[in-house]
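Visitor: whatever this is, show me its structure:
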Amino acid sequence: MNRVFFIMVLIGVPLSVIGNLLHWSQVLMFAVFCLTIIALAAYMGRATESLAVVAGPRIGGLLNATFGNAVELIISIFALKAGLIGVVLASLTGSVLGNLLLVGGLSFFIGGLKFKRQEFNVYDARHNSGLLIFAVIVAFVIPEVFSQGMNNQKTMVLSVGVSITLILLYLAALLFKLVTHRGVYQHKSEQTEEHEEPEWSKGRAILVLLLATVAVAYVAESLVHTIETVALRFGWSELFIGVIIVAIVGNAAEHASAIIMAVKNKMGVAVEIAIGSTLQVAMFVAPVLVLISLLFEEQMPLVFTWPELIAMVTAVFVTVAISNDGDTNWFEGAVLLGAYIIMGIGFYLI
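Guide: Alright, predicted model coming up:
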């Protein structure tokens, strides 16, 4: 399988560049871009697995979420510059739904087919649950509710204030987990974890992550320019494109990595990727985009539509209810996937 992904990268990256230069059919290039990103995501997954062996599940999951979300951040900045505020907000919604329900669901489901039970750090689960409830339910719902009686200027002031608070708390959360309380809430499965040799050295894994991220950023940015044509061809709405299409493609790296970890019974890393990436989107990527939008002509308030908010709040509650015990199985994965499918149908029909 690794050879297949290598061939896909070897062919897909040059084709992406040539297709852009020669202005090939945008529908054809859409397919090329998607397949190339999936292949590059596989390499990011292998690099992350090597780093997780060396640095541990928390740092490995954090690195994967960071590199994966860097791609989405780049795509969103280009979209903001083009004035596509609705697409950016929809893609942020899609990232939350995709990471919690699709990535988490696939990890629990596929891993559960191989192992009857898979455990992960229950203390991390409870810590992440509290942050999820704060980041999505408090920080996203409050601006929507209070902005009802505000003009655009006051809404932006509120959004900037919320964004700065979120960023500071996210940095504090990293300090808590990785510095001041590192190892304090260690799970027994982490204490007895067997030592294994990483596939790649630390330097090589970081180099692969960097190169793959640059390549994914280029291909993903090109993909943005083909979406409008593909949407018109297939009759997709802007909301559906942002929530489903852009979010899935933009987070392909996390999708692949989390599933690989779950199959290898490294559920701690898989959960850290799925939930950690969601927290990073909600508490860092979204606020940073709000602040960056101040540099552009059209600014982006941290105000989502009610369908987006309700979908994200529902996803958080379902995920918290299922993952709070630090134990998973294939049926819990199926429940998360079912919730994602239902929401996907809803966004498609809007």
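Visitor: return the helix or strand in the chain with minimum mean pLDDT.
Guide: Within the chain, no helix or strand scores below helix 188-191, which has a mean of 52 by mean pLDDT, DSSP states H and E.
Visitor: what helices or strands is the following helix or strand past that helix leaning on?
Guide: On the C-terminal side of helix 188-191, the closest following helix or strand by DSSP states H and E is helix 202-234. Helix 202-234 is packed against helix 2-22, helix 26-55, helix 57-81, helix 247-250, helix 252-263, with contacts defined by 3 or more Cβ pairs under 8 Å, 6 or more residues apart in numbering; DSSP states H and E. Just so you know, the C-beta spots here come from the backbone N, C-alpha and C atoms, and that holds for glycine as well.
Visitor: now mean pLDDT and mean neighbour count too, for those, in TSV please.
Guide: Output for these, formatted as TSV (pLDDT from 0 to 100; neighbours: other Cβ atoms under 10 Å):
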stretch	mean pLDDT	mean neighbour count
helix 2-22	89	14
helix 26-55	82	22
helix 57-81	74	23
helix 247-250	72	24
helix 252-263	77	27
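Visitor: adding distance to F108, write those helices out as a markdown table.
Guide: As requested, the helices and strands packed on helix 202-234 are arranged in a markdown table below (distance: least, Cβ to Cβ, whole Å):
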| stretch | distance to F108 |
| --- | --- |
| helix 2-22 | 24 |
| helix 26-55 | 17 |
| helix 57-81 | 15 |
| helix 247-250 | 18 |
| helix 252-263 | 7 |
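Visitor: out of these, which comes closest to F317?
Guide: Each of these has some distance to F317 by Cβ to Cβ; the shortest is helix 247-250, at 19.6 Å.
Visitor: outside of that closest one itself, list whatever touches it.
Guide: 33-34, 37, 71-72, 75, 90-91, 93-95, 97-98, 102, 220, 223, 255 (Cβ atoms under 8 Å, 6 or more residues apart in numbering).
Visitor: do the same with stretch 67-83
Guide: By Cβ under 8 Å, 6+ apart, the list of residues contacting stretch 67-83 from outside reads 44, 48, 87-88, 91-92, 95, 209, 212-213, 216-217, 220-221, 223-224, 246-247, 250-254, 257, 277, 280-281, 284-285, 288-289, 292-293, 296-298, 300.
Visitor: quick one: buried ones out of those?
Guide: For these, a burial check counting by 16 or more other Cβ atoms under 10 Å picks out 44, 48, 87-88, 91-92, 95, 209, 212-213, 216-217, 220-221, 223-224, 246-247, 250-254, 257, 277, 280-281, 284-285, 288-289, 292-293, 300.
Visitor: give me the low-pLDDT residue ranges for the stretch 151-300 of the chain?
Guide: 181-196, 250-254 (pLDDT under 70).
Visitor: burial of the closest residue to A135 other than its chain neighbours, as a residue count?
Guide: In this structure, A135 finds its nearest non-sequential neighbour in A282, 3.9 Å apart by Cβ to Cβ, 6 or more residues apart in numbering. For A282, the neighbour count with other Cβ atoms under 10 Å is 25.
Visitor: now do Y348
Guide: Applying other Cβ under 10 Å, we find 14 other residues in the vicinity of Y348.
Visitor: can you say which helix or strand has it in it?
Guide: Take DSSP H and E as the rule and Y348 turns out to sit in helix 330-349.
Visitor: buried residues, that helix. List them.
Guide: W330, E332, G333, V335, L336, L337, A339, Y340, M343, G344, F347.
Visitor: so which of those residues comes closest to Y170?
Guide: Y170 lies nearest to L336 out of these, by Cβ to Cβ, at 23.9 Å.
Visitor: the closest one and Y218, how far apart?
Guide: Distance, L336 to Y218, by Cβ to Cβ, to the nearest Å: 32 Å.
Visitor: do I have it right that S95 meets Q280?
Guide: No - when contacts are counted by Cβ atoms under 8 Å, S95 is not listed as touching Q280 (9.3 Å).
Visitor: settle this for me: I241 is touching V88, isn't it.
Guide: No - applying Cβ under 8 Å as the test, I241 and V88 come out as separate, 11.4 Å apart.
Visitor: so how many other residues sit close to V320?
Guide: When neighbours are counted by other Cβ under 10 Å, V320 comes out with 18.
Visitor: do I have it right that it meets S129?
Guide: Yes - counting by Cβ under 8 Å, V320 does reach S129; the two are 4.4 Å apart.
Visitor: near the closest residue to A315 other than its chain neighbours, how many other residues are there?
Guide: In space, and not counting its chain neighbours, A315 is closest to L100: 4.7 Å by Cβ to Cβ, 6+ apart. Counted with other Cβ under 10 Å, the neighbours of L100 add up to 28.
Visitor: do S25 as well
Guide: When neighbours are counted by other Cβ under 10 Å, S25 registers 12.
Visitor: for it, phi and psi?
Guide: Main-chain dihedrals, S25, degrees, to the nearest 10: phi -50, psi 130.
Visitor: and it, what does it touch?
Guide: Not one residue lies near S25 by Cβ under 8 Å, 6+ apart.
Visitor: the one 4 residues further on too?
Guide: In this structure, M29 makes contact with S16, G19, N20, S222, T226, judged by Cβ under 8 Å, 6+ apart.
Visitor: average pLDDT for stretch 101-121?
Guide: What stretch 101-121 shows for mean pLDDT is 89.
Visitor: buried stuff in that stretch?
Guide: For stretch 101-121, burial by neighbour count (16+ other Cβ under 10 Å) applies to 101-112, 115, 118-121.
Visitor: okay, it in CSV with CA atoms only?
Guide: What follows is stretch 101-121, C-alpha atoms only, in CSV (Å, rounded to 0.1, in the frame of the first residue of the first chain):
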residue,chain,number,x,y,z
LEU,A,101,-17.8,12.5,14.1
LEU,A,102,-16.1,11.3,10.9
VAL,A,103,-12.5,10.9,12.1
GLY,A,104,-13.4,9.8,15.6
GLY,A,105,-16.2,7.5,14.3
LEU,A,106,-14.0,5.8,11.7
SER,A,107,-11.2,5.4,14.3
PHE,A,108,-13.5,3.8,16.8
PHE,A,109,-15.3,1.7,14.2
ILE,A,110,-12.3,0.3,12.2
GLY,A,111,-10.2,-0.1,15.4
GLY,A,112,-13.2,-1.8,17.1
LEU,A,113,-13.5,-4.3,14.3
LYS,A,114,-10.0,-5.6,15.1
PHE,A,115,-10.1,-5.2,18.9
LYS,A,116,-13.1,-5.8,21.1
ARG,A,117,-12.2,-2.9,23.4
GLN,A,118,-9.8,-0.1,23.0
GLU,A,119,-8.8,2.1,26.0
PHE,A,120,-7.2,5.5,26.2
ASN,A,121,-6.4,8.0,28.9
